[in-house]
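**Q** take this sequence and fold it.
(chains A and B)
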Number of protein chains: 2
Amino acid sequence: MTNPQSNTTLKILAEKLGLSKGTISKALKDSHEISVATKNKVITAARELNYVPNHFASGLKSRKSNTIAVIVPEIVDSFFSLAIKGIEAETQKKGFHINIYLTNDEKAKEEEIIKVISDGRVDGILISICSETNSNDHLQKLIDYNIPLVFFDRAAEKIETGKVVTDDFQAGYIASNHLIAQGCKKVCFLSISESLSILQKRTEGFVQALLENNIKNPERNIFQISTEKAKCVKTIKLLLTDPENRPDGIVISVELLTIPIYNACKELNISMPGDLKVVCFSNLPYADLLSPSLSTITQPAFEIGKQAAGLLCNRIEKGTDIRFEKIICPSRLDIRGSSHH
Amino acid sequence: MTNPQSNTTLKILAEKLGLSKGTISKALKDSHEISVATKNKVITAARELNYVPNHFASGLKSRKSNTIAVIVPEIVDSFFSLAIKGIEAETQKKGFHINIYLTNDEKAKEEEIIKVISDGRVDGILISICSETNSNDHLQKLIDYNIPLVFFDRAAEKIETGKVVTDDFQAGYIASNHLIAQGCKKVCFLSISESLSILQKRTEGFVQALLENNIKNPERNIFQISTEKAKCVKTIKLLLTDPENRPDGIVISVELLTIPIYNACKELNISMPGDLKVVCFSNLPYADLLSPSLSTITQPAFEIGKQAAGLLCNRIEKGTDIRFEKIICPSRLDIRGSSHH
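**A** Predicted structure coming up:
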């Protein structure tokens, strides 16, 4: 991470800002002699020039704001709220504050948030990307500008930085196999995005399980559901009443489809687990108390958050090279009443 | 909100910062001629001197960061996550970003967060205070420094600024009356704090309902439960197995006690609603799907967030005097299986 152009850049910065090279050097080393305002000015300009200060390379402490941004699609979701608990547990220990930003799963909002917080107000970023993300230029820019970044759960595969995820392929495979083992003949998979890599992997696990059980054309059993409430309910009801294709087993790949499925079953008088068996990717603390209780792929949400925060803190405080770090925290299947008599 | 000392303060600021009075005046008016760094320096110094810029008084737009801080005790709670949705709906319309900060219901953390964000990085603050809050000096300071502040749900009564709350007394009264009407002879009230004003009011509503039904010493039926998991479960089990005082009706004043109550009933073989009837203050989207479904005092969480954000935006953008604004959004009782056959 050293930069051969350091000295040249230092000179350019000095000229651009009308400050001495000494002042700039001190500002970049977070010296107490330099005012916060000047430091911010220097760091912002340095980032614009894609300058890598030496103290990053040499592993010196480089905190400025003691603040870490956590960007998530949603907080009305037990995975994200629990992952944030894990992030907090780790960052609090290390003396960082966290700021939470919501993208509402919209790419434009994700880009805007990243633009706003790239001004030096945070020391690093933890992000779970939105499902709309196809181009990742805004994320690559953070790397180019040397802003510490770690992905948790929903990662942009091609960006070279730390990632903490679960074993999504394996989890999709286990959930689907479980339903087949319970006697389901027609297992479907409900997703909300074809581009999000974690959902792609869960889908691949589903496909693999069906193929291994000699079920042909498993792709036909994959449904993309809109997250817009009215559309979502409509699609689910159509699926559950389709005379040709009515499923007797469903893998729900995102928690937010749980309530629509339960409500549709009530309304259509479909008994769970008799007529329909269900497993959902969910960390819902109420899974045990639902009627019937909900079988889940339980993700290690707290652990994922904690590990991701740990990577980021090492990057910020010690300059650790995390470009190729990938931590996989395995999920587990919790069998409950919705898939088992 | 005009400040008779404006001119004097302008002079002091100019001397202190080594800038001209014109520059300071422009910085305080958010002029494009002045750099962000200088503006921040001026505004920080102005706040230290408790200086009220004229553009606040004259109602000019005074945005600096386009960012609003939202401080909440917790996000693993359906009330707060829904209130944040309401805040987002309103702030997004007005072009503000929101930053969410968690206090984990700890006063020291609340104080620290407020200290960190009082540096001008946000244009205003929406807060639901933690239950530990007894002294409110840190909040009064925000008012003294002219930082726009609005309380939602959990308010510090004595601080003169906008408050958006629900009718907690009435809600506590209705919930308790409902259980008595269902035939409960021994109704208890579970709380987690004696100092938090919303819980005090819910408790007063409970007391009023019992007194009106000629139940003596209702105070004896109020229990303070620890939020620490092991202690919480222990106290609830003791209460539900007490041979002398076993309740046949419980008003749960905070959502986080729901799971421990349901689990204790399962474990102790107490049938709901047969042996025990329960109403909980909760916005849980899963209330309908629990076994039995959960009767709730449903708070207008989204509306509370939206109204609070509206007040704050008016204060920031138009300088509206919100010192004595109080908006009360009423809650409603949703009767379900946990309190009714």
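
**Q** contacting residues for A:F169?
**A** By C-beta atoms under 8 Å, 6 or more residues apart in numbering or on different chains, A:F169 lies in contact with A:K201, A:R202, A:E204, A:G205, A:Q208. (Each C-beta comes from the backbone N, C-alpha and C, glycine too.)

**Q** including distance to B:I125, neighbour count and pLDDT, could those go into JSON lines?
**A** What follows is these, written out as JSON lines (distance: C-beta to C-beta, whole Å; neighbours: other C-beta atoms under 10 Å in any protein chain shown; pLDDT from 0 to 100):
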{"residue": "A:K201", "distance to B:I125": "41", "neighbour count": "19", "pLDDT": "96"}
{"residue": "A:R202", "distance to B:I125": "40", "neighbour count": "28", "pLDDT": "97"}
{"residue": "A:E204", "distance to B:I125": "45", "neighbour count": "14", "pLDDT": "97"}
{"residue": "A:G205", "distance to B:I125": "45", "neighbour count": "24", "pLDDT": "98"}
{"residue": "A:Q208", "distance to B:I125": "50", "neighbour count": "17", "pLDDT": "98"}
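
**Q** what's the closest of these to B:E219?
**A** Ranked by distance to B:E219 (C-beta to C-beta), the contacts of A:F169 are led by A:R202 at 53.4 Å.

**Q** distance of that closest one relative to chain B?
**A** Taking C-beta to the nearest C-beta, to the nearest Å as the measure, A:R202 falls 23 Å from chain B.

**Q** helix or strand: which one has that residue?
**A** helix A:197-212 (DSSP states H and E).

**Q** check which element follows the helix or strand where A:V150 lies along the chain.
**A** Following DSSP H and E, one finds A:V150 within strand A:149-152. For strand A:149-152, the succeeding helix or strand toward the C-terminus, using DSSP H and E, is strand A:162-165.

**Q** what's the average pLDDT for that following strand?
**A** For strand A:162-165, mean pLDDT is 97.

**Q** check which helices and strands that strand sits against.
**A** For strand A:162-165, the elements it packs on are strand A:149-152, helix A:301-318, strand A:326-328, judged by 3 or more C-beta pairs under 8 Å, 6 or more residues apart in numbering or on different chains; DSSP states H and E.

**Q** contacting residues for the one residue in the stretch 201-341 of chain A that gets nearest to chain B?
**A** Using C-beta to the nearest C-beta, the closest approach of the stretch 201-341 of chain A to chain B is made by A:S291 at 3.5 Å. Going by C-beta under 8 Å, 6+ apart, A:S291 touches B:L289, B:L290, B:S291, B:P292, B:S293.

**Q** helices - which of the residues you listed land there?
**A** Judged by DSSP state H, helices contain none of these.

**Q** hmm, A:R336 is touching A:L294, no?
**A** Yes - shown here, A:R336 and A:L294 form a contact pair, counting by C-beta atoms under 8 Å, at 5.8 Å.

**Q** common neighbours of those two, please.
**A** Shared contacts of A:R336 and A:L294 (C-beta under 8 Å, 6+ apart): A:A287.

**Q** so for the two, which sits in the more crowded spot?
**A** A:L294 (28 against 17; other C-beta atoms under 10 Å in any protein chain shown).

**Q** can you tell me, leaving aside adjacent residues, what's nearest to that one?
**A** Leaving aside its sequence neighbours, A:L294 sits nearest to A:A287 (C-beta to C-beta, 6 or more residues apart in numbering or on different chains; 4.3 Å).

**Q** ok, that neighbour - contacts?
**A** Neighbouring residues of A:A287 by C-beta under 8 Å, 6+ apart: A:S293, A:L294, A:T296, A:D334, A:R336.

**Q** what distance do you get for it to A:A181?
**A** To A:A181, A:A287 is 20 Å away according to C-beta to C-beta, to the nearest Å.

**Q** cool, A:H97 as well?
**A** As defined by C-beta to C-beta, A:H97 lies at a distance of 47 Å from A:A181.

**Q** cool, A:T91 as well?
**A** Using C-beta to C-beta, we find A:T91 at a distance of 41 Å from A:A181.

**Q** before we move on, what about A:L257?
**A** A:L257 is 22 Å from A:A181, where distance means C-beta to C-beta.

**Q** kindly report the same for A:K266.
**A** On the measure of C-beta to C-beta, A:K266 and A:A181 end up 26 Å apart.

**Q** contacts only, for A:A156.
**A** Neighbouring residues of A:A156 by C-beta under 8 Å, 6+ apart: A:I129, A:T133, A:N136, A:L139, A:S197.

**Q** now for those residues, which pair is the farthest apart?
**A** Across the contacts of A:A156 (C-beta to C-beta), the longest gap, 13.1 Å, separates A:L139 and A:S197.

**Q** with neighbour numbers in mind, choose between the two.
**A** Neighbours of A:L139 and A:S197, each counted by other C-beta under 10 Å, are more numerous for A:L139; the result is 23 against 18.

**Q** hang on, the earlier thing: look at A:T91 and A:A181 and report which has more neighbours.
**A** A:T91 (24 against 12).

**Q** quick one, what contacts that one?
**A** Residues near A:T91 by C-beta under 8 Å, 6+ apart: A:I68, A:H97, A:I98, A:A309, A:C313.

**Q** could I get these as TSV with distance to B:I117 and neighbour count?
**A** Listed next are these as TSV, based on distance: C-beta to C-beta, whole Å; neighbours: other C-beta atoms under 10 Å in any protein chain shown:
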residue	distance to B:I117	neighbour count
A:I68	15	24
A:H97	9	20
A:I98	13	21
A:A309	21	30
A:C313	21	23
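
**Q** near chain B, from these?
**A** The subset of the contacts of A:T91 within reach of chain B, by C-beta under 8 Å from any C-beta of the partner chain, is A:H97, A:I98.

**Q** could you dump the contacts of A:T91 to a markdown table with distance to A:K158 and pLDDT?
**A** Listed next are those as a markdown table, based on distance: C-beta to C-beta, whole Å; pLDDT from 0 to 100:
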| residue | distance to A:K158 | pLDDT |
| --- | --- | --- |
| A:I68 | 23 | 95 |
| A:H97 | 30 | 89 |
| A:I98 | 26 | 93 |
| A:A309 | 23 | 98 |
| A:C313 | 24 | 97 |
